[in-house]
Every structure is written in structure tokens, then in C-alpha cells.
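In: Fold the following and give me the result.
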Amino acid sequence: MKVNTGESGPMRDTHDSKEIQLTTGRSGHCLNSTQCFSPDGKMIVYDGRNDDSLLAANGEVYLLDLTTGQEKLIYRTEHQSAFGPGAGAATFSPDGTMVLFLGGIQNCNKERPYSFTRRTGIGVELKRPMIPVWMDARDITPPFTPGALRGGTHAHTWSGDGKWISFTYNDHILAEASARGEQVTDTRTVGIMFPGKVKVKNADGVEEKDGRMHAVLVSRVVQCPKPGSDEVAKAFDECWIGLNGYKKTDGDWQKRAIAFQGHLVDKDGKLKTEIFVADIPENLPELAVRFPSAGTPSTLPEVPPGIVQRRISFSEKGVSSIPRHWLRSVPDGSLIGFLAEDEQGIVQLWGISPNGGRLRQLTFLSTSISSPFNFSPDGKWVAYMSDERVFITQLSDAKTLELTKKRKEKLAGAVVWSPQGDAVIYNRYTSEGDDVLLQVFMVKIELKNE
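Out: Numbering: from 1, shown residues only. Next up, the predicted model:
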């Protein structure tokens, strides 16, 4: 095997692997960008979209048993139409008991369609398929309920211990006020949920509903950031740092923390994306109860005290927005990965410590990374797509292996590792008669001699 780890970029070596098509049904099979496997690696979860942009029109979530090849429907929306409610972006809980996904508000229709502010986190327990569990509570009538939200959650991700959930959020109340011409703007931000049932007054179970989890916002955003400051106009596409946090510069352990991308305005007045960290105190549930905040008709709920937000990247060009990607952390929390252009304008993978400091280039490719990425369970490799191929790169020396050859059928979405690190799955379109269908493929990986 020939491998070049110099600055000009590793050669694209083909690993001894073979694509295995896991799904064949005449519908879409859309994987989420992460957490698609059950903890034992025996099942995967996906939704029925044939295009990841069409979540509103999809109403089904499935499991696939990898040992038997049997597909099982675990959730179907009621009154599904092109306008919602919709369901998708499914993840497995770390204990394997629940699947969590994004769903639109149940009364979505042509007049009130699925939107950024009209969606929620829905769980389905594997022992009780088809029965939805409403994760985040919703209250859109003032005075609002602390612990409930007034809008839509999205991109739900489990913490390493499986107890807390992160999400991005858009506020229905501010969006409606802005539509009326009021001087407020809904801006995306980041929040988390932790165990704690929330009861909403006069809940109808649709527009306003109780939830299993208590939700709070954890990133501070402002309407008009001061140029040259670290004020954030929009927070998005976050990740948990480490399976159990990270080690701080003083040697203490920060057990819970979120990294997120944030829009700021540089000293020249230009919008720029950098990386921020929100350190979360372990007693956040207690603080959220002691200092409740549900916001007002013109303001977001306040971030609870004790959460420390700080900027950790100071880059020349900022984080790349193409392709869209979520930040990811290695399991021990020592490195946060992100995509950014190199000096030649090629989108590469980079890394930074959660404590800040030097940016580290991790890939040296001749073609841009074209997908979200994920680190292997041992934190030594990263998987992604480039030039319609699937690659993995070793972080220690940039050694890069080409797992698939370029084909006429297009790749889509992200590359997701199995919990054991012995395989990756991803989406590829296939031609079946007159249909072009999104299917799930797997490549098994043997890295003992790499």
C-alpha cells in the first residue's frame, strides 16, 4: 500500500473492502448524520425520505435488523401530507431503548405547514413502537412555561451518557412578531434537554403540549452583534464535547459541554463563522429551576446562570458553510473537528482543542470534502465523502484510505461508523427501473494492519 502523508496530500489508496447494499425497498431510506446504529451494532434506524430536504412530506421511521435483513416500521404520522407533519433525522439512544427523531407539529396542513418553528423531538421506545413520546414541551401562549419551548427543535443529539439531548432551536413567538413587522428577529440558537417532566397549562397535545424533558437554551445570541466582538448572531450545528466532557487547561474535568458554530461580525463588518464552546454546570437542572426563564413576547428565554460561553477559534477564513456540517468531537473530548478551506480553497477537515489554541489541519486532499464527517469510536479515524467516494483518514498522520470507487450513482448525507468501528454506513442513490431511490450501503473495515 502506498501512502503519502506530505503536505501535497495522501494518495487515494483503496482499502480491501466491498460495498454491501443493505436496503432495497422501493422508497427512500435516509440516514441521519450521526447515531444511526443501536449500541450493539445490530440495528440501524432511518426514515423514508428519498431527499433529505423533503422531511415535511415523509411520515415513516424504520429499523433494519442487520443480522436478519428484516425491516420494521416503528412510527408513522397521522394525516400526513406534503405540508407535514413529517418525521425524520432519527437517532438511537446510547442505551438502545429509544429512537429519537424530528417531527412536525401534528396539525400541520397547507395553511399551517411544517416549518423551522413548528417541529419537535419525538421519541419511540422500542418496546412500544408506533407510540410517540413528546420530548420537549411546547407553550406558545403567554405567560410561557419555564422548561417548555415556544418554537421548533431540530438535529437532536444524545449526550454520551444518554441522559441529555442537544438541539438547534427557532422561536415561533419571535418569528410571528417579526412577520407582523415588529422590530424583533427569530435567530437560530442552541439548547439542551434533561430529564424532568414539564406540564403546560391548558395543553391541547398539539400546538401546546407537555414534555418528558426540561429544555433550556445554552447559547447566547444577539440581534445586532458589535463588529469585532465575540457576540453571536446565530448559533447552530452543535455537538457534545467528548462522551464524558473534556480536560481543561487547569487539569479539572468539564463533564458537560457543547461546541457550536456561531455567526459573528468581524472588524470589517463581514459575517463570519467561528467555533464557540458552552461549558455547562453539572447542577444545571437545579439552576434552571431556581432561575426560571420562559422569555417574553419580544425576547428569547434567558440562558441559565453558570453556563460559560467562549469563542475558541480565530481563523482567517472562518468555518466552511459548504458543505453544511455539524461539529464533531473525538470520544475523549480532546479535539473538535470542523470543515474549512485551505490556502488553495479546498475544503479540508481541521481540529481544535476545546480549550482553544492552534488550528490543526487533519486532511490534505486534492478535492474538497463534500459531506458531514464522523470520528471513529476509538477517535483515531474520521470518515467522510469527497469526489463521490467514501474515505477514512487517520488523524495521527493523515493516512487516507479510499473505501469506495467513484460511480455514476450519487452519494448523499454523511458517513456513520458502527459502534464497534468495524464498518461504516452511508446513503447512495440507485437506479431501479424509472425510479432513482436513496438506499443504505455498508463497507466493512479491517484496520488491524493500518
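In: Strands of the stretch 101-250 of the chain, start to end?
Out: 119-125, 133-134, 151-158, 165-171, 189-198, 211-217, 234-240, 246-247 (DSSP state E, counting those that start in this stretch).
In: Starting from the last one, tell me which strands it pairs with and how they run.
Out: Meaning strand 246-247. Sheet pairing for strand 246-247, assigned by DSSP bridges, gives strand 253-254 (antiparallel).
In: Relative to the very next helix or strand once past the partner strand, what are the paired strands and their orientations?
Out: Next helix or strand after strand 253-254 toward the C-terminus (DSSP states H and E): strand 256-265. Sheet pairing of strand 256-265 (DSSP bridges) gives strand 234-240 (antiparallel), strand 271-280 (antiparallel).
In: I'd like to know which of the ones you listed lies nearest to Arg324.
Out: Across the strands paired with strand 256-265, Arg324 has its closest neighbour in strand 234-240 (7.2 Å, Cβ to Cβ). Bear in mind the C-beta positions are built from the backbone N, C-alpha and C, glycine included.
In: Could you tell me the angle between the closest one and strand 189-198?
Out: Strand 234-240 and strand 189-198 meet at an angle of 60 degrees, taking axes from the mean of the first three to the mean of the last three Cα atoms, to 10 degrees as the criterion.
In: what is the mean pLDDT for strand 234-240?
Out: Taken as a whole, strand 234-240 carries a mean pLDDT of 98.
In: repeat for stretch 193-202
Out: 97.
In: From one end of it to the other, what's the distance?
Out: When the termini of stretch 193-202 are compared using Cα to Cα, to the nearest Å, they are 22 Å apart.
In: Identify the residues contacting the residue lying closest to Gly123 once chain neighbours are set aside.
Out: Spatially, and ignoring its direct neighbours in sequence, Gly123 is nearest to Val133 (4.0 Å; Cβ to Cβ, 6 or more residues apart in numbering). Counting by Cβ atoms under 8 Å, 6 or more residues apart in numbering, Val133 touches 98, 122-125, 212.
In: list the buried ones in stretch 367-382?
Out: For stretch 367-382, a neighbour-count test (16 or more other Cβ atoms under 10 Å) marks 368-377, 379-382 as buried.
In: ok, which pair from those residues is furthest apart?
Out: Pairwise over the buried residues of stretch 367-382, using Cβ to Cβ, the maximum falls at Ser368 and Pro377, 25.9 Å.
In: Just give me the neighbour total for Asp250.
Out: 6 (other Cβ atoms under 10 Å).
In: Also Leu55?
Out: A count of neighbours around Leu55, defined by other Cβ under 10 Å, yields 24.
In: Please work out which residues outside the helix or strand containing Ala383 touch it.
Out: Assigned by DSSP H and E, Ala383 belongs to strand 381-386. The contact list for strand 381-386 (Cβ under 8 Å, 6+ apart) reads 337, 349, 362-363, 365, 367-376, 390-395, 411, 414-417, 421, 424, 426, 447.
In: Show me the strands paired with the helix or strand just after that strand, marking each as parallel or antiparallel.
Out: Using DSSP H and E, the helix or strand that directly follows strand 381-386 along the chain is strand 389-394. Strand pairing for strand 389-394, determined by DSSP bridges: strand 381-386 (antiparallel), strand 400-402 (antiparallel).
In: For stretch 180-194, buried residues please.
Out: 184, 186-194.
In: before we move on, what about stretch 269-280?
Out: In stretch 269-280, counting by 16+ other Cβ under 10 Å, buried: 273-280.
In: Same list (those residues) but as TSV, adding distance to Glu78.
Out: Listed next are those as TSV, based on distance: Cβ to Cβ, whole Å:
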residue	distance to Glu78
Thr273	39
Glu274	42
Ile275	40
Phe276	39
Val277	40
Ala278	37
Asp279	41
Ile280	36
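In: hey, where'd the helices end up in the chain?
Out: 172-179, 284-290 (DSSP state H).
In: Those: which one's closest to Leu64?
Out: helix 172-179 (34.5 Å).
In: Figure out how far that closest one is from the centre of its chain.
Out: Here the centre of helix 172-179 is set off from its chain's centre by 25 Å, with Cα atoms, centre = their mean, to the nearest Å.
In: cool, stretch 278-293 as well?
Out: For stretch 278-293 - counting by Cα atoms, centre = their mean - the centre lies 23 Å from the chain centre.
In: Using CSV, write out every CA atom in it.
Out: Only the C-alpha atoms of stretch 278-293 are listed here, as CSV (Å, rounded to 0.1, in the frame of the first residue of the first chain):
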residue,chain,number,x,y,z
ALA,A,278,-20.6,26.5,26.1
ASP,A,279,-19.4,24.9,29.4
ILE,A,280,-22.5,23.5,31.2
PRO,A,281,-22.5,23.1,35.0
GLU,A,282,-23.5,19.7,36.3
ASN,A,283,-26.1,21.3,38.5
LEU,A,284,-27.9,22.9,35.5
PRO,A,285,-31.2,21.2,36.3
GLU,A,286,-31.1,22.8,39.8
LEU,A,287,-30.2,26.2,38.4
ALA,A,288,-32.9,26.1,35.7
VAL,A,289,-35.5,25.6,38.5
ARG,A,290,-34.0,28.2,40.7
PHE,A,291,-33.8,30.8,37.9
PRO,A,292,-36.7,30.0,35.6
SER,A,293,-37.0,31.9,32.3
